[in-house]
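1. Below are the sequence and a predicted model for it; my questions follow.
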Amino acid sequence: MTSDVVTTLVSLLIFPGLVFTAVVGMLATWVDRKVTARIQWRVGPPLLQPFYDFFKLLGKEVIVPKGASKVVFLAAPLVGLAGATLAASLLGTAALNRSAGFAGDLIVLVYLLVIPSLAIILGAGASANPYASVGASREIKLVLGYELPFIISVLVAVVKSGGEFTMTGLLAYQYEHHAFAASVSGVLALVVAILCMQAKLALVPFDQAEAETEIMSGAFVEYSGAPLGIFKLTRAMMYLVMPVFLIVTFWGGFGTSIAGAVLGVLKYVALLVIMILIRNTNPRLKIEHAVKFFWGPVTLLAVLAIILAFAGV
């Protein structure tokens with residue numbers, strides 16, 4: 001194999017792709033579970049519990065429900081994992097190498113970030129279970145709700161950078177000037193993106209597609225063994241991918257020095273804390289209320305942000 005092929009495989013499978021993102025993502029889920037437990041006056045899981053859970057699921061029996069579309073049912077988790085892995089690789093490469101990337105990679109990343117949700121919809125729809133169908137229906141509505149304001153918020157960064165549609169271009173502009181989040185329109189866009197990130201990660205108050213107390217885990221009710229483990233691994237990876245996407249797009253990235261890298265890690269920790277706080281201080285919304293929330297005040301806030309961006313505010 002040529003050196004370019006080896007570099008691409010390493011980027012996809014090891015760093016900053018699958019292995020690195022999976023390890024850091026599962027550690028982030030442990031922080032989430034630990035902090036949530038302490039808030040509820042519980043001890044919480046040990047540090048390696050997410051890894052134990054994942055490898056335990058890999059050894060469990062895989063059961064395909066009668067009447068399900070077997071190929072789609074088993075392929076859906078792999079599709080979601082592939083989307084998260086590609087997003088992690090592209091995003092990490094752009095954040096670490098200012099000469100990397102390609103024209104329009106921002107658009108590609110926006111598409112890749114929705115693939116894990118689409119995989120959940122496909123898998124739930126193929127399982128032939130009424131509870132899973134309800135979960136798939138809710139996930140579809142949620143995606144339709146948050147994608148519009150999320151895309152508008154990303155366009156704020158494009159407008160402020162003078163029409164850059166590359167991740168390295170957005171970073172270069174912020175290095176030369178200032179982070180978009182240092183402006184009014186940038187702050188509003190970041191707030192919108194954070195709310196959409198909460199929904200993309202299916203965290204309370206936007207976990208309607210699972211809703212264990214209502215529809216028995218909804219979209220995942222028929223999943224077991226390795227397919228369920230892959231879905232959980234994808235969710236853990238998104239714990240890293242989504243905050244890093246927001247940091248690179250709105251908050252100046254991770255810099256080009258050790259101090260900048262440390263500051264970037266602190267930014268990630270700050271976003272993780274915000275996610276956990278929102279999760280533990282809000283009740284689950286009804287799906288119709290969640291859609292109205294995203295199509296109403298969140299979209300209006302995103303539109304205001306882009307208007308201010310065009311005005312140079």
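-> Looks like it came in fine. Numbers count the residues shown, from 1 in each chain.

2. Going by residue numbers, what spans are strands in the protein?
-> For the chain, applying DSSP state E gives no strands.

3. pLDDT weak spots in it?
-> Where the chain drops to pLDDT under 70, the residues are 1.

4. Apply 80 and report the result again.
-> Along the chain, the model assigns pLDDT under 80 to residues 1-4, 97-101, 212-216, 255-256, 313.

5. pull the longest helix from it.
-> Counting residues, the longest helix in the chain under DSSP state H turns out to be helix 130-160.

6. Check which helices and strands that helix sits against.
-> If you count contacts as 3 or more CB pairs under 8 Å, 6 or more residues apart in numbering; DSSP states H and E, helix 130-160 packs onto helix 105-112, helix 115-126, helix 167-176, helix 184-200, helix 212-215, helix 225-250, helix 287-293, helix 299-310. (Glycine included, C-beta is placed from N, CA and C.)

7. my read: residue 240 touches residue 28, true?
-> Yes: at 6.1 Å, residue 240 counts as touching residue 28 under the criterion of CB atoms under 8 Å.

8. More neighbours: which of these two?
-> A direct count of neighbours by other CB atoms under 10 Å for residue 240 and residue 28 places residue 240 higher, at 26 against 22.

9. wait, what's in contact with the more buried one?
-> Residues near residue 240 by CB atoms under 8 Å, 6 or more residues apart in numbering: 21, 24-25, 28, 88, 268.

10. picking that back up, how about a markdown table for the helices and strands packed on helix 130-160, with distance to residue 148 added?
-> Shown next, in a markdown table, are the helices and strands packed on helix 130-160 (distance: least, CB to CB, whole Å):
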| stretch | distance to residue 148 |
| --- | --- |
| helix 105-112 | 12 |
| helix 115-126 | 14 |
| helix 167-176 | 21 |
| helix 184-200 | 9 |
| helix 212-215 | 25 |
| helix 225-250 | 17 |
| helix 287-293 | 10 |
| helix 299-310 | 6 |
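
11. Tell me which of these lies nearest to residue 144.
-> Shortest distance between residue 144 and the helices and strands packed on helix 130-160, using CB to CB, is found for helix 287-293: 7.2 Å.

12. can you list contacts of the closest one?
-> With CB under 8 Å, 6+ apart as the test, helix 287-293 has contacts from 138, 141-142, 144-145, 199, 205-206, 208, 285.

13. Buried only: go through these for me.
-> Among the contacts of helix 287-293, those scoring as buried are 138, 141-142, 145, 199, 205-206, 208, 285 (criterion: 16 or more other CB atoms under 10 Å).

14. Out of those, which is nearest to residue 68?
-> Distances from residue 68 to the buried ones among the contacts of helix 287-293, taken by CB to CB, are shortest for residue 138, at 19.3 Å.

15. how about residue 65, phi and psi?
-> Main-chain dihedrals, residue 65, degrees, to the nearest 10: phi -60, psi 150.

16. Could you measure from it over to residue 137?
-> 18 Å (CB to CB, to the nearest Å).

17. now do residue 227
-> According to CB to CB, residue 227 and residue 137 sit 21 Å apart.

18. Between the two, which has more neighbouring residues?
-> residue 227 (23 against 18).

19. still on that earlier bit, will you turn the contacts of residue 240 into JSON lines that also has distance to residue 43?
-> Listed next are those as JSON lines, based on distance: CB to CB, whole Å:
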{"residue": "21", "distance to residue 43": "28"}
{"residue": "24", "distance to residue 43": "23"}
{"residue": "25", "distance to residue 43": "23"}
{"residue": "28", "distance to residue 43": "19"}
{"residue": "88", "distance to residue 43": "31"}
{"residue": "268", "distance to residue 43": "25"}
